[in-house]
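[1] Generate coordinates for the sequence data below:
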Amino acid sequence: MKTQTNEVAMKVNQANLVKSLRFSFTNKTTVLGELIQNARRAHAAMVVINYCSETKTLQVLDDGCGIDSIATLLTVAESGWDADVVAHEHPFGIGFLSALFACRKISVISKSGSIDVETDHILAFKPVTITPVQDWNGITSTTLQDVDMDMRQITTTLKRLVLGFPIPVLFNDQLLERSCALDCGLTFVETEIGAIYLHGMDQPNGAQYEFDIYLQGLPIYSSHSYTSHRHIIHLDSSRFHARLPDRDKLVDEADVIKRIKAVLAQTIEQRFIQMKATQSAKDFVGFYEMLRHWELLKLLNDVPVVPPEALREIIAYPVCDTEVFDNFEQQPDKAMTRAEVEARGIVSIDDDIKEDGAGRYLFAWSRDYLLYHGTLDNGHWIHTLIRHLNDEELVIETVNETHQAQFQGDWCWVYVRFCEAYRIRLGQDVVEITDGACYQGQENADDIIVPRGESSAQVLQQMASFRSEYDEFQESTFESDSDAFVAFVVANTASDPANAMQRLLPDFCGCPALYGKTFVVELDQQGKPASVMAYPAAQSVQAQTLVADIGS
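    Below you'll find the model as predicted:
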């Protein structure tokens, strides 16, 4: 039995297609871009836009070449533009639909005639009367009545649309700003993707990383918008295409943006190479942040000056948590020459103070070494000067150690070694410290060395951050442990036991019953009170004698 076959061809339901296109435009303000774009394609020298809030009437006037055929204007998917515009700009032929969807009534006057009709009449595919225009004055006029937009929407949209537009736009007698246009006075560089203006290349603090992209004079892409100072890119419209119908997105946007970024980076690199040949070394390294962002730090490899961003100085006692306590490092206030770096010396330290102790940082601080911040290209000359302290064995020795004692605070419990001074040895170099304690870290001896010249509790800031399980700084506990540690150090370093006892005693002003009394306190071998004897004021002489006997 022979199987019957049928042939069918795709058909288009014109009425339903047009109805569906009403919902394809993302924004009702799309019509504004389409109307000024039509004026530009008609080689207009200026676009004049007027809007009346009371009547909700929008009028667009241009002095371009005019519309050759009103009939073509009313034909969906037929642009009517000449071959050159079609080849370079790829008009869709549906822009006029955005005007029909945006108002109740529309009128158009141009060299090929005029229409004045309800938009629903056109969208229903009913015949439209075209009236000939006698003695056309060279102005094409498009008027939209009962526009579904307010003044704020129109004003905001137009200001955004015309920033990069190639011809002036006058809105309600006000000339709109075109600060990103090709003819705005900025210097653009021609590249394989189009014209690029590089912002901020004339001064270090003006360097920017963000950019705006324009296609056929209209904005089509913007990177992160947290700054108003940006690179400007006008794409070659013969190579890049916008998405139908709004033209608010690039076709294959992700791939296109990747390509644009690559060309932008190449253009910036070429500009930096030119700048490097004409600027002083100190001026050139001022662009460090921008060089880093665009992965161009290799350009600094042979520059005999180091940007301050690559260096740090130790300016205070090292601590384990700079978010809780003061930062002990800072960036130098200026770039440094190779000779200056060599004279100071430069080191790298990878220690976590809480885990590894503060020995290497105290060593570098004592020697006034620079710290390398670890950011320059691997081929930079600075790497031949850096001394990596973590590659060297760290040895800390006490000088004339007297004794050890355990500090028991509310947060910190730690053994403390008291001495005249201590020495930090790295390789063949030794520094001796007499006035700052050192925490040796959890991975090392897990104790604290206190030289005779130390009388503060700063070392606790090396040992602990005093953060709770909820990452909150326990300020009262920190202050309590600090006060207790100071008293602990005083008691362990005082030459007079009575003076040490006096410093450790609490304030008894809230206990009147104790006023005027004399006490004899006996401590056991662990430092705990073994006995306390009190004597009335009248017996103070006997008590003093007893104290003297105990002391002997």
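[2] Which residue ranges make up each domain of the chain?
    According to automatic domain parsing, the chain is divided into the following domains: 14-175, 189-278, 285-391, 394-498, 508-551.
[3] could those domains be laid out in JSON lines, adding distance to Q4, mean neighbour count and mean pLDDT?
    Every C-beta, even on glycine, is put in place using the N, C-alpha and C of the backbone. Shown next, in JSON lines, are these (distance: least, CB to CB, whole Å; neighbours: other CB atoms under 10 Å; pLDDT from 0 to 100):
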{"stretch": "domain 14-175", "distance to Q4": "30", "mean neighbour count": "17", "mean pLDDT": "83"}
{"stretch": "domain 189-278", "distance to Q4": "39", "mean neighbour count": "16", "mean pLDDT": "88"}
{"stretch": "domain 285-391", "distance to Q4": "66", "mean neighbour count": "17", "mean pLDDT": "96"}
{"stretch": "domain 394-498", "distance to Q4": "78", "mean neighbour count": "17", "mean pLDDT": "94"}
{"stretch": "domain 508-551", "distance to Q4": "109", "mean neighbour count": "11", "mean pLDDT": "72"}
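[4] export those domains to a markdown table and tack on distance to T5?
    Converted to a markdown table, the domains of the chain look like this (distance: least, CB to CB, whole Å):
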| stretch | distance to T5 |
| --- | --- |
| domain 14-175 | 28 |
| domain 189-278 | 35 |
| domain 285-391 | 61 |
| domain 394-498 | 74 |
| domain 508-551 | 106 |
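[5] E7 is nearest to which of these?
    domain 14-175 (22.3 Å; CB to CB).
[6] Now do that closest one: distance to the chain's middle.
    The chain centre lies 41 Å from the centre of domain 14-175; the measure is CA atoms, centre = their mean, to the nearest Å.
[7] repeat for stretch 358-378
    Its chain's average C-alpha position is 26 Å from that of stretch 358-378, according to CA atoms, centre = their mean.
[8] Dump it to CSV, restricted to CA.
    Only the C-alpha atoms of stretch 358-378 are listed here, as CSV (Å, rounded to 0.1, in the frame of the first residue of the first chain):
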residue,chain,number,x,y,z
ALA,A,358,55.8,37.2,67.0
GLY,A,359,59.6,36.5,67.0
ARG,A,360,60.2,37.1,63.3
TYR,A,361,58.1,40.3,63.3
LEU,A,362,59.9,41.6,66.4
PHE,A,363,63.2,40.8,64.7
ALA,A,364,62.2,42.7,61.5
TRP,A,365,60.8,45.6,63.6
SER,A,366,64.0,45.9,65.6
ARG,A,367,66.0,46.0,62.3
ASP,A,368,63.6,48.4,60.6
TYR,A,369,63.3,46.1,57.7
LEU,A,370,60.7,46.7,55.0
LEU,A,371,58.1,43.9,54.5
TYR,A,372,57.4,42.7,51.0
HIS,A,373,53.6,42.8,50.3
GLY,A,374,53.8,40.0,47.7
THR,A,375,52.3,41.6,44.6
LEU,A,376,54.9,42.3,42.0
ASP,A,377,55.6,40.2,38.9
ASN,A,378,57.9,37.2,39.5
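[9] can you start the count at 49 instead of 1 from here on
    With 49 as the first residue, the last one maps to stretch 406-426.
[10] For the stretch 149-298 of the chain, just list every one of the helices.
    Secondary structure of the stretch 149-298 of the chain (DSSP state H, counting those that start in this stretch): helices located at 167-171, 199-209.
[11] Would you format those helices as a markdown table with distance to G233 included?
    Formatted as a markdown table, those follow (distance: least, CB to CB, whole Å):
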| stretch | distance to G233 |
| --- | --- |
| helix 167-171 | 41 |
| helix 199-209 | 19 |
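[12] Which among the ones you listed is found nearest to G489?
    helix 199-209 (57.2 Å).
[13] what's the closest one packed up against?
    helix 78-89, strand 95-100, strand 217-219, strand 266-270 (3 or more CB pairs under 8 Å, 6 or more residues apart in numbering; DSSP states H and E).
[14] Can you check which of the ones you listed gets nearest to T315?
    T315 sits nearest to strand 266-270 of all the helices and strands packed on helix 199-209, at 17.0 Å, using CB to CB.
[15] Which parts of the stretch 499-600 of the chain are strands?
    566-571, 577-583 (DSSP state E, counting those that start in this stretch).
[16] Sheet partners, orientation included, of the first one?
    Put plainly, it is strand 566-571. strand 577-583 (antiparallel) (DSSP bridges).
[17] contacting residues around the strand it pairs with?
    565-572, 590-591 (CB atoms under 8 Å, 6 or more residues apart in numbering).
[18] Can you add distance to R319 and give those residues back as a markdown table?
    Below are those laid out as a markdown table (distance: CB to CB, whole Å):
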| residue | distance to R319 |
| --- | --- |
| K565 | 85 |
| T566 | 85 |
| F567 | 82 |
| V568 | 85 |
| V569 | 79 |
| E570 | 82 |
| L571 | 76 |
| D572 | 78 |
| Q590 | 94 |
| A591 | 88 |
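[19] Select, from those residues, the two members most distant in space.
    Spanning the widest gap among the contacts of strand 577-583 are D572 and Q590, at 24.5 Å by CB to CB.
[20] on that earlier part again, could you dump the helices and strands packed on helix 199-209 to TSV with distance to D198?
    Below are the helices and strands packed on helix 199-209 laid out as TSV (distance: least, CB to CB, whole Å):
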stretch	distance to D198
helix 78-89	13
strand 95-100	9
strand 217-219	14
strand 266-270	21
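[21] quick revisit: closest one to Y409 among the strands of the stretch 499-600 of the chain?
    strand 566-571 (37.8 Å).
[22] roughly how far out does the closest one sit from the chain middle?
    So, by CA atoms, centre = their mean, the centroid of strand 566-571 is 63 Å from its chain's centroid.
[23] got the CA coordinates for that strand in PDB?
    Output in PDB follows, covering the C-alpha atoms of strand 566-571 (Å, rounded to 0.1, in the frame of the first residue of the first chain):
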ATOM      1  CA  THR A 566      46.500  45.500 110.700                       C
ATOM      2  CA  PHE A 567      46.700  42.100 108.900                       C
ATOM      3  CA  VAL A 568      49.300  39.400 108.800                       C
ATOM      4  CA  VAL A 569      48.900  37.300 105.600                       C
ATOM      5  CA  GLU A 570      50.800  34.000 105.100                       C
ATOM      6  CA  LEU A 571      51.000  32.600 101.600                       C
END
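[24] mind listing what the closest residue to S503 other than its chain neighbours touches?
    Spatially, and ignoring its direct neighbours in sequence, S503 is nearest to V537 (6.2 Å; CB to CB, 6 or more residues apart in numbering). Contact partners of V537, counting by CB under 8 Å, 6+ apart, are 464, 498, 502-503, 505.
[25] measure V537 to I244 for me?
    Noted for V537: a distance of 64 Å to I244, by CB to CB, to the nearest Å.
[26] Distance-wise, check S270 relative to Y262.
    From S270 over to Y262 (counting by CB to CB), the distance is 10 Å.
[27] wait, isn't R435 in contact with G393?
    Yes. Under the criterion of CB atoms under 8 Å, R435 makes contact with G393 at 6.9 Å.
[28] which neighbours do the two share?
    Y417.
[29] For the stretch 349-498 of the chain, just list every one of the strands.
    So, for the stretch 349-498 of the chain - with DSSP E, counting those that start in this stretch - the strands run 353-354, 359-362, 377-378, 384-385, 394-396, 418-420, 434-436, 442-447, 451-456, 461-467, 469-474, 477-481, 486-487, 495-499.
[30] other SSEs contacting the fifth one?
    Looking back up the chat, that one is strand 394-396. Packed next to strand 394-396, using 3+ CB pairs under 8 Å, 6+ apart, are strand 418-420, strand 434-436.
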